[in-house]
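Visitor: Here is a sequence with its predicted model. Questions after.
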Amino acid sequence: MLTQGQIAHFRTFGFVVQRGLFSSEEMKAIEHDFDEVMSEERNGEPFTGEKSQTVLWFVEHRSSLTSLAEDDRIYNVVEQIIGPDPLWVLADGNLYVGDTQWHGATYGSPPVLDHVKVVIYPDFLTRDTGCLRVIPGSHLPEYQRDLKALEEQFHDPDKRPFGLAGDEVPAYALESRPGDVIFTSENLWHGSFGGIPGRRMFNMNIYENPSTDEQVRYIRDEHSKTTAMFHPHEAFLNSDRPRIYGMVHRYVEMGLA
């Protein structure tokens with residue numbers, strides 16, 4: 001559970017880190033499942049390191065990984081941040097190659113729905129080996145507008161908005177060890193630099209329960225425009241675990257599943 005100070009940290013800076021949330025033994029099991037799922041999606045072929053690999057509906061591939069979404073250490077924190085009965089959106093697993101240039105929200109207006117992204121790195125990562133870097137407070141609309149120039153760099157890393165290369169942009173390095181869990185706003189400007197090919201990461205995207213007409217319309221619109229996000233997997237829809245099904249039952253009510 002988060003303290004009031006940690007909740008204020010998330011609201012103000014756009015992220016909070018829970019150190020050592022999972023034990024080394026738990027992380028060994030998570031790593032095993034991670035590697036197995038990624039390998040299966042490559043049909044057992046070795047990872048070449050030539051390009052990144054992404055697997056959508058990632059935690060849905062294993063009951064053991066799905067259980068992370070309902071684990072008190074994650075679920076209760078998510079509820080503290082965005083309220084009760086959260087809405088599941090998507091999980092993905094990744095093996096990254098190269099730098100991830102800065103990206104984040106650029107629309108400069110309050111989000112229709114609050115959300116949280118739960119990020120887990122199975123490896124020890126530092127500022128110089130590909131850990132997540134964030135620009136604190138950049139999830140706030142008034143700051144987002146000022147950072148829009150970074151979009152140029154995302155599409156062309158040779159661009160120098162503000163006269164800076166991507167790894168020179170002032171930022172906070174979220175160095176992490178296996179077992180740490182990062183809770184962040186997807187609207188927060190973030191990137192990664194200096195990592196070796198094949199650095200591992202998976203995340204779970206969760207939104208607040210839509211309650212207003214505007215929020216329901218937003219979910220319907222996003223569902224119609226996407227093929228993965230806001231499209232719950234049958235592993236969740238058919239689950240007999242209350243928290244797991246509880247995170248997707250609104251899609252059924254809205255006729256979207």
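Guide: Alright, I've got the coordinates. Numbers count the residues shown, from 1 in each chain.
Visitor: Looks like D114 contacts Y207 (just checking).
Guide: Yes. Counting by C-beta atoms under 8 Å, D114 does reach Y207; the two are 7.2 Å apart. Just so you know, the C-beta spots here come from the backbone N, C-alpha and C atoms, and that holds for glycine as well.
Visitor: Which one of those two is surrounded by more residues?
Guide: The neighbour comparison of D114 against Y207 (other C-beta atoms under 10 Å) goes to Y207, with 26 against 18.
Visitor: For the more buried one, give the beta-bridge partners.
Guide: L87, H115 (DSSP bridges).
Visitor: what comes into contact with stretch 147-165?
Guide: 99, 101-104, 106, 108, 135, 138, 166, 169, 189 (C-beta atoms under 8 Å, 6 or more residues apart in numbering).
Visitor: do stretch 132-145 as well
Guide: By C-beta under 8 Å, 6+ apart, the surrounding residues in contact with stretch 132-145 are 12-15, 102, 104-110, 119, 121, 125, 127, 147, 169-174, 176, 182, 184-185, 187-193.
Visitor: what do you get for stretch 51-65?
Guide: Contacts for stretch 51-65 (C-beta under 8 Å, 6+ apart): 29-30, 33-34, 36-38, 40-42, 47, 66, 68-69, 90-98, 202, 204, 228, 233, 235-236.
Visitor: What are the boundaries of the helices in the stretch 51-200 of the chain?
Guide: Taking DSSP state H, counting those that start in this stretch as the test, the helices found in the stretch 51-200 of the chain are 63-70, 72-82, 141-146, 150-155.
Visitor: pLDDT weak spots in this structure?
Guide: For the chain, the stretches flagged by pLDDT under 70 are 106-108.
Visitor: can you give me the strands in this protein?
Guide: Using DSSP state E, the strands found in the chain span residues 15-18, 53-56, 87-96, 100-103, 115-120, 132-134, 172-174, 181-184, 190-192, 199-207.
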